[in-house]
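Q: Below is the structure, and that's it, no one-letter string:
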């Protein structure tokens, strides 16, 4: 089985990092993986997105025209990618950064106050992990605990102090389920 995920937001929201964590988690489970980042010339505040493709077999292309899932960290990302999600797919939206709900009825979507949850945990920058936790709890492309193992194995030593918060952010996001 193959799953394509697009994660999109502003630079500085941890968009690319969330994709890396997802890719590392899949690699840790023996999956074939591609991670394709794309970002504007601005360091912070410009657009950033990445496509992660996970498969049990070799991957033919690292891009996704109709991904199985999209994480939209901001309003421009929701507006750009909602129409691209494959029917029956998942759209996980950062409610803290948008002013309307998705309109499609042929996909599963969740509005999650990710910035607010992350702020409660101590750092608004953990919003990306909240949304990643929600994505995996609903899509179930990886075994339980794969994201946590990836964080523990691939976090730089100087950033290990944030591991408990990021793991809690994953758990808080996983509480959000599509009906």
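A: Noted; the coordinates are in hand. Treat the numbers as computed from the prediction; the structure is a model and nothing was measured.
Q: thought residue 122 was touching residue 166?
A: No: counting by Cβ atoms under 8 Å, residue 122 sits too far from residue 166 to count as a contact (10.6 Å). Any C-beta I mention is one placed from the backbone N, CA and C, and that applies to glycine too.
Q: When the two are compared, which one has more neighbours?
A: Neighbours were counted for residue 122 and for residue 166 using other Cβ atoms under 10 Å; residue 166 has more, 28 against 13.
Q: from the middle of its chain, how far away would stretch 148-161 be?
A: How far stretch 148-161 lies from its chain's middle: 17 Å, per Cα atoms, centre = their mean, to the nearest Å.
Q: what comes into contact with it?
A: For stretch 148-161, the surrounding residues in contact (Cβ atoms under 8 Å, 6 or more residues apart in numbering) are 20-22, 24-25, 28, 162-163, 166-167, 170.
Q: Just flag the most distant two among those residues.
A: Within those, 28 and 162 form the most distant pair, 19.3 Å apart (Cβ to Cβ).
Q: What about residue 59, how many residues nearby?
A: The number of residues near residue 59, taken as other Cβ under 10 Å, comes to 14.
Q: And it, how far from residue 37?
A: Per Cβ to Cβ, to the nearest Å, residue 59 is found 16 Å from residue 37.
Q: Same check on residue 105?
A: From residue 105 to residue 37 the distance is 31 Å (Cβ to Cβ).
Q: With residue 159 instead?
A: Using Cβ to Cβ, one gets 19 Å for the distance from residue 159 to residue 37.
Q: okay, those two: which has more neighbours?
A: More neighbours surround residue 37 than the other of residue 159 and residue 37, with 14 against 10 (other Cβ under 10 Å).
Q: What's opposite that one in the beta bridge?
A: Under DSSP bridges, the beta-bridge partners of residue 37 are residue 50.
Q: Make sure it is actually in contact with residue 52.
A: No: applying Cβ under 8 Å, one finds residue 37 not in contact with residue 52, separated by 9.8 Å.
Q: What about residue 90? Give its phi and psi, please.
A: phi -120, psi 140 (degrees, to the nearest 10).
Q: Can you give me the separation between the residue most central in space within the chain and residue 159?
A: Closest to where the C-alpha atoms of the chain average out (Cα atoms, centre = their mean) is residue 132, at 4.0 Å. To residue 159, residue 132 is 16 Å away according to Cβ to Cβ.
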